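> Structure for this input, please:
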Amino acid sequence: MPTIQTKHTRAPATELYYETYGQGRPVVLIHGWPLSGRMWERQIDALRHAGYQVVAYDRRGFGQSGKTATGYDYDTFASDLNDLLGALDLRDVTLVGFSMGGGEVSRYAGLYGTERLRSAMLVASIAPFLLKTADNPDGGLAEADVEGMMAKVAANRPQFLAGFTKEFLNWDENGAALGDEFLDFAATMYLQASPVASQECVRAFGTTDFRADLAKLTVPTLVVHGDSDRIVPLEASGQRVPQYQPNAELHVMKGAPHGLNSTHAEEFNRVLLDFVKR
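Below you'll find the model as predicted:
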């Protein structure tokens, strides 16, 4: 099983599971909560057939990576990503971060710079800052929302995540096309996650401020967001990124939900491939 060992000095060391396909310029895919690198199946196929090396890994606590008791914060996640890029000696990389994965992309740039990067994509991302505060009134979550979500995950994780998945995909609009089997597929991913990671990552993505990090994401950056996202609304996230990184380009996908890489895979893959080849 291909893994790399993390080296973070303030968090428990663990193994990160990854899969790599194809040859060529590297594209690293960073999954969302509460899934794993398996969420990128359609994109892995598109990228490898287009002549890229595609790397999809599981965040600590998720998928087949190590399940640590602590370490579910963005400084650690960015350090883990840095360890992965170093261990595989990846350069000229396009980072693609989905949902909470957009936080890894942002914090990585904030802590480690962009020397290894060619470009970056923030897809249905939580950046720049979801928590509503005095200086961030347009955030999408109040503190009570974060605590309430964590409590629901702790009380009955399978039940909460089953409902969350349907909102993630706007199931009332897209379920017939995807089929009930897709819900089973999603469940194989989120039930593989650590219960601790599932809870603690809600706090991480709900309360971490990436505004200063985005200023350091100086490589070409594409923000892709659906205007029907019920999980991370466009107005609270993607639409605001250019305020903090003026060079970022915003692409809005009409009618697309949070899980747009699955529900609108063909359209999303066209956008992805067009950007990666720049």
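
> Show me the strands in the stretch 101-250 of the chain, by range?
117-123, 221-226, 249-253 (DSSP state E, counting those that start in this stretch).

> Please identify the buried residues of the helix or strand following the last one?
When you say that, I think you mean strand 249-253. Using DSSP states H and E, the helix or strand that follows strand 249-253 towards the C-terminus is helix 260-263. If you call a residue buried by 16 or more other CB atoms under 10 Å, then helix 260-263 has these buried ones: Leu260, Asn261, Ser262, Thr263. C-betas here are computed from N, CA, C, even on glycine.

> Next one: the residue nearest in space to the middle of the chain from Ile30, what distance?
Using CA atoms, centre = their mean, the residue of the chain that lies closest to the mean C-alpha position is Gly101, 2.3 Å off. With distances taken as CB to CB, to the nearest Å, Gly101 is found 3 Å from Ile30.

> Thr188 too?
For Thr188 relative to Ile30 (CB to CB), the value is 19 Å.

> So for those two, which residue has more residues nearby?
Ile30 (28 against 11; other CB atoms under 10 Å).

> How many residues are close by the nearest residue to Thr76 once chain neighbours are set aside?
Among residues not flanking Thr76 along the chain, Ala11 sits closest, at 4.3 Å (CB to CB, 6 or more residues apart in numbering). Neighbours of Ala11 under the rule other CB under 10 Å: 20.

> Which neighbouring residues are in contact with Ala11, exactly?
Thr68, Thr70, Gly71, Asp73, Thr76, Ser79 (CB atoms under 8 Å, 6 or more residues apart in numbering).

> likewise Leu88?
Ile4, Tyr18, Thr20, Pro26, Val55.

> returning to what we had before: ok, which of the strands of the stretch 101-250 of the chain comes nearest Phe205?
Ranking the strands of the stretch 101-250 of the chain by proximity to Phe205 (CB to CB) places strand 117-123 first, at 12.9 Å.

> could you say what helices and strands the closest one packs with?
Strand 117-123 sits against strand 93-98, helix 101-112, strand 221-226, helix 265-276, with contacts defined as 3 or more CB pairs under 8 Å, 6 or more residues apart in numbering; DSSP states H and E.

> can you count the residues close to the closest residue in space to Pro220 that isn't next to it in sequence?
Sequence neighbours aside, Ser119 is the residue nearest to Pro220 in space, at 4.4 Å (criterion: CB to CB, 6+ apart). Neighbour count of Ser119, defined by other CB under 10 Å: 19.

> Looking at Ser119 now. What's its pLDDT?
Confidence at Ser119, expressed as pLDDT, is 98.

> Same question for the one 5 residues further on.
At Ala124 the predicted local distance difference test score is 98.

> next one: His8
pLDDT, His8: 83.

> got it, and His258?
98.

> hang on, isn't it packed against Trp171?
No - the criterion here is CB atoms under 8 Å, and His258 misses it with Trp171 at 11.3 Å.

> more crowded one of those two?
Legend: neighbour count by other CB under 10 Å for His258 and Trp171, higher for His258 (25 against 19).
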